[in-house]
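J.: Quick one: sequence and predicted model below, then my questions.
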Amino acid sequence: MSELWPWIALALLGAYHGVNPGMGWLFAVALGLQEKSRQVVIKALFPIALGHAISIGGIVLLVGVAQIILPEPILRRVSAFLLFAFGLYRLFRSRHPRWVGMRVDFKDLVTWSFLMSSAHGAGLMLVPILLNWPASGHVHHPRVDAPLPGQVTGSPGLLLAAIGLHTLSLLLVTGAVALLVYEKLGLALLRQAWFNLDLLWVIALMMAGGMILVF
Amino acid sequence: MLLWKPDSTFYPSPRLAMQAPAEGLAYVATIQKGKPDALRVVDLNPNSPTYGKIIHSVEMPYIGDELHHFGWNACSSALCPYAPHPYLERRYLLVPGLRSSRIYIIDTKPDPMEPHIVKIIEPKEVMTRAGYTRLHTVHCGPEGIYISALGSTSNGDGPGGVFLLDHYDFQILGRWEVDRGPQFLGYDFWWHLGYDVGITSEWGPPSLFENGLHLEDVVNRRFGHRIHFWDIRRRKHIQALDLGDDYQMVLELRPAHDPTKTYGFVGVVVDVRDLSSSVWLWYREKDQWAIKKVIQIPAESADPEALPPILKDLKAVPPLITDINLSLDDRFLYVSCWGTGELRQYDVSDPFNPKLTGSVQAGGLVRRAPHPKSGPLEGGPQMVEVSRDGRRIYFTNSLYSSWDDQFYPNLRGWMVKVDAKPEGGISLDPNFFVDFGEVRPHQVRLQGGDSSSDSFCFP
């Protein structure tokens, strides 16, 4: 079970990111409505997922490098502090990159999604999982003096699988929501159901910061 | 960040915005000779004892601002998918002075009936940070507030342009355009958000209008006669369309509200050759923008004795189209004829072939048509605003202080209401007449949004 939980958590976070209209499904719906084509909605989902994966991947790599150069306890404190600080910053300054433009191609959408995910600190939410990766299972530490267990970043294959699973989960959820809104629910839903995910998001970031210290 | 749900006055599409509840209040920009300008609040709730009355007045601390057009800090464009800000609030009115270049930020909370000034951006700051003067149109964009300006120096020369304000703290972010190309004159500004295209129109440099109108400037075709298209992603000029210099003063821009459509209407004040006024349709043709005259309203001949000095030699009343407004379903276009005292309604379901479906008269240079609750009226239909459901239209009668004095030397301010039938046809509401007296009312903004306040990213 302890080997499974990080995977489940990664997938759940992917779903959580996917539900947020600001992460891409709303853009996909708008593009589809503009062109009056479901095909356009579906086609927009892939660059959005790719941009998200690149953003997440950047954080995962950063954690990997940090695990090599920083002692474990310091890394934990620094990460917790950063997450908390970022959450507070977003609480009082809910801004995101100034993007103008509905006429977007594949490359634009990848860039847009990357910017949005990064600015919202999507990847940061994965940090507690990365820092508490269970030692057993696929990860082997041939060297005796290797840092203590729990380094998903030590294995490129595992690392790609982690990013892949998170992104796949995001893609499925964001795609399902986009198509549901485009085909069935319609835009009136936005007025009622667009719950302030940004506020929840801030809470999630801060909780993630706390979790690093607790576990 | 503080709201748990999007502001209930934000609608993803113009179609949904038409289902909005009826407006309860109007905010009206007003000027008065020798006294401070004011934002006045008119009660529009028919069940209220003060219905149709001015219930509050927010006086500016200075004299001579010339309040003119104004707009909200945030509107439905906050739901645009590429820059969603659903938790912004439609709360502050940004009210610029056309003459002073000052910007007042007026808070409509906690009591929308008694708004108050919370911030003043002085002209010097606008000049230093944006490089512009003579502020005109305010539009709430997806990622900030856009304001158009007619001048860029203190003595009233151009170029006019557009600058941006932050929609959280109202900091001026600077000049908007990166490459203005051949554009020099400014006036109105709006966009086709679905196509990343902005549009600007041309009145004239402030030195040409600030101290009154000189007919020789019109005859010599010194006013603007073009509209400009912009790439709003790259802030670059992409195309200029010249209507021909016979068409003087190209003013209000009304693009289709549906973001998938690629056309819009613009009003032209006067054709130098025959004093007629016209409305033009711009539209996309292949990869270019094109423009075509779709409405022309002729001048009416008149006894020179009945005309103000500025028009005596012309022996005619020009219609003077000074404002137009498009209902949210892009179906009805309202056209103000300030000279002849007529408000026209056109069915523009086929934008290339507008059909006249209604007309009401109020004021006019010769006719001075009365309202059922008034005597003969001075001034004519000028700033016109359409409710979100398209059923009620409000208009006021003042144009611009120095021009009012030339055309209607005895102008007294008023605001009236017009009822529109769903299938077309309009009539003056005989019970609604707001007498502003010495005060001259200009633009009207309706509480919660109206047909020229919001932009939409969804069809």
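T.: Ah, there it is. Numbering: from 1, shown residues only, chains lettered A, B, ... in the order given.
J.: next helix or strand past the lengthiest helix in chain A?
T.: The longest helix of chain A (DSSP state H) is helix A:38-69. As assigned by DSSP states H and E, the chain's next helix or strand after helix A:38-69 is helix A:72-92.
J.: That next one near chain B anywhere?
T.: Yes. For helix A:72-92, a contact with chain B is found by Cβ under 8 Å from any Cβ of the partner chain, at A:L91, A:F92. For every residue, glycine as well, the C-beta is placed using N, CA and C.
J.: Mind listing residues that contact that helix?
T.: For helix A:72-92, the external contacting residues (Cβ atoms under 8 Å, 6 or more residues apart in numbering or on different chains) are A:63, A:66-67, A:70, A:120-121, A:124, A:127-128, A:131, A:147-148, A:198-199, A:201-203, A:205-206, A:208-210, A:212-213, B:1.
J.: Pull out the buried positions in it.
T.: A:L75, A:R76, A:S79, A:A80, A:L82, A:L83, A:F84, A:F86, A:G87, A:R90, A:L91 (16 or more other Cβ atoms under 10 Å in any protein chain shown).
J.: Same check on stretch B:178-195?
T.: So stretch B:178-195, judged by 16+ other Cβ under 10 Å, has buried residues B:180, B:183-195.
J.: Which single one of those is nearest to chain A?
T.: B:G194 (5.3 Å; Cβ to the nearest Cβ).
J.: Verify the stated contact: that closest one with B:T260.
T.: Yes. Between B:G194 and B:T260 there is a contact under Cβ atoms under 8 Å: 5.7 Å.
J.: Next, show the common contact partners of the two.
T.: Common neighbours of B:G194 and B:T260 (Cβ under 8 Å, 6+ apart) are A:Q34, B:P459.
J.: how about the residues of chain A that lie near chain B?
T.: Checking chain A against chain B by Cβ under 8 Å from any Cβ, the hits are A:21-22, A:26-27, A:29-30, A:33-34, A:36, A:91-96, A:98-104, A:112, A:187-188, A:190-192, A:194-196, A:198-199.
J.: same thing but at 6 Å, please
T.: A:22, A:26-27, A:30, A:33-34, A:94, A:98-103, A:187-188, A:190, A:194, A:196 (Cβ under 6 Å from any Cβ of the partner chain).
J.: neighbours around the nearest residue to A:P128 once chain neighbours are set aside, how many?
T.: Counting by Cβ to Cβ, 6 or more residues apart in numbering or on different chains, A:M211 is the residue found nearest to A:P128 once chain neighbours are left out, at 4.3 Å. Using other Cβ atoms under 10 Å in any protein chain shown, A:M211 has 16 neighbouring residues.
J.: Buried ones only from the contacts of helix A:72-92, please, as a PyMOL command.
T.: Remark: buried members of those, expressed as a PyMOL selection using 16+ other Cβ under 10 Å:
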select buried, (chain A and resi 63+66+67+120+121+124+127+128+131+198+199+201+202+205+206+208+209+212) or (chain B and resi 1)
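J.: returning to what we had before: most widely separated two among the buried residues of stretch B:178-195?
T.: Within the buried residues of stretch B:178-195, B:F184 and B:G194 form the most distant pair, 28.1 Å apart (Cβ to Cβ).
J.: outside of the longest strand seen in chain B, which residues touch it?
T.: Ranked by residue count under DSSP state E, the longest strand found in chain B is strand B:426-437. Under the criterion Cβ atoms under 6 Å, 6 or more residues apart in numbering or on different chains, residues B:42, B:52, B:345, B:358, B:360, B:371-374, B:413-420 lie in contact with strand B:426-437.
J.: What about these, which are in strands?
T.: Using DSSP E, the subset of the contacts of strand B:426-437 located in strands is B:V42, B:Q345, B:G358, B:V360, B:G413, B:W414, B:M415, B:V416, B:K417, B:V418, B:D419, B:A420.
J.: are any of these buried, and which?
T.: By neighbour count, with 16+ other Cβ under 10 Å, these hold B:V42, B:Q345, B:G358, B:V360, B:G413, B:W414, B:M415, B:V416, B:K417, B:V418, B:A420 as buried.
J.: okay, now the residue lying closest to B:R445 once chain neighbours are set aside: neighbour count?
T.: Excluding its sequence neighbours, the residue lying closest to B:R445 (Cβ to Cβ, 6+ apart) is B:Y27, at 4.7 Å. B:Y27 is flanked by 23 other residues according to other Cβ under 10 Å.
J.: same question, A:E3
T.: A:E3: 13 neighbours (other Cβ under 10 Å).
J.: Give me the pLDDT for it.
T.: pLDDT, A:E3: 78.
J.: hang on, it packs against A:P134?
T.: Yes. Taking Cβ atoms under 6 Å as the definition, A:E3 is a contact partner of A:P134 at 5.5 Å.
J.: So stretch B:244-257, near chain A or not?
T.: No. Stretch B:244-257 lies apart from chain A when judged by Cβ under 6 Å from any Cβ; the minimum separation is 13.3 Å.
J.: How about residues contacting that stretch?
T.: With contact meaning Cβ under 6 Å, 6+ apart, stretch B:244-257 is reached by B:14, B:187-188, B:190, B:192, B:199, B:201-203, B:218, B:221, B:223-225, B:227, B:263-273, B:323-324, B:326, B:328, B:330.
J.: And the helices in chain B, which stretches?
T.: Along chain B, the stretches classed as helices by DSSP H are B:14-17, B:123-130, B:206-209, B:215-219, B:401-407.
J.: Dump stretch B:364-373 to CSV, restricted to CA.
T.: Extracted in CSV, the C-alpha atoms of stretch B:364-373 (Å, rounded to 0.1, in the frame of the first residue of the first chain):
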residue,chain,number,x,y,z
GLY,B,364,-34.0,69.0,-32.3
LEU,B,365,-32.6,72.3,-33.6
VAL,B,366,-35.8,73.3,-35.3
ARG,B,367,-38.5,70.9,-34.1
ARG,B,368,-37.8,71.1,-30.4
ALA,B,369,-40.2,68.2,-30.0
PRO,B,370,-41.6,67.9,-26.5
HIS,B,371,-41.8,64.9,-24.2
PRO,B,372,-45.3,64.3,-22.7
LYS,B,373,-44.0,65.5,-19.4
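J.: May I see the buried residues of it?
T.: Buried positions in stretch B:364-373, judged by neighbour count with 16+ other Cβ under 10 Å: B:G364, B:L365, B:V366, B:R367, B:R368, B:A369, B:H371, B:K373.
J.: so which of the residues you listed are also by chain A?
T.: Among the buried residues of stretch B:364-373, chain A is touched by none when using Cβ under 6 Å from any Cβ.
J.: Below-threshold pLDDT in the chain: ranges please.
T.: Let's take chain A. Scanning chain A for pLDDT under 70 picks out A:1-2, A:93-97, A:135-154, A:195-196, A:215.
J.: The intended chain is chain B.
T.: In chain B, residues with pLDDT under 70: B:1-3.
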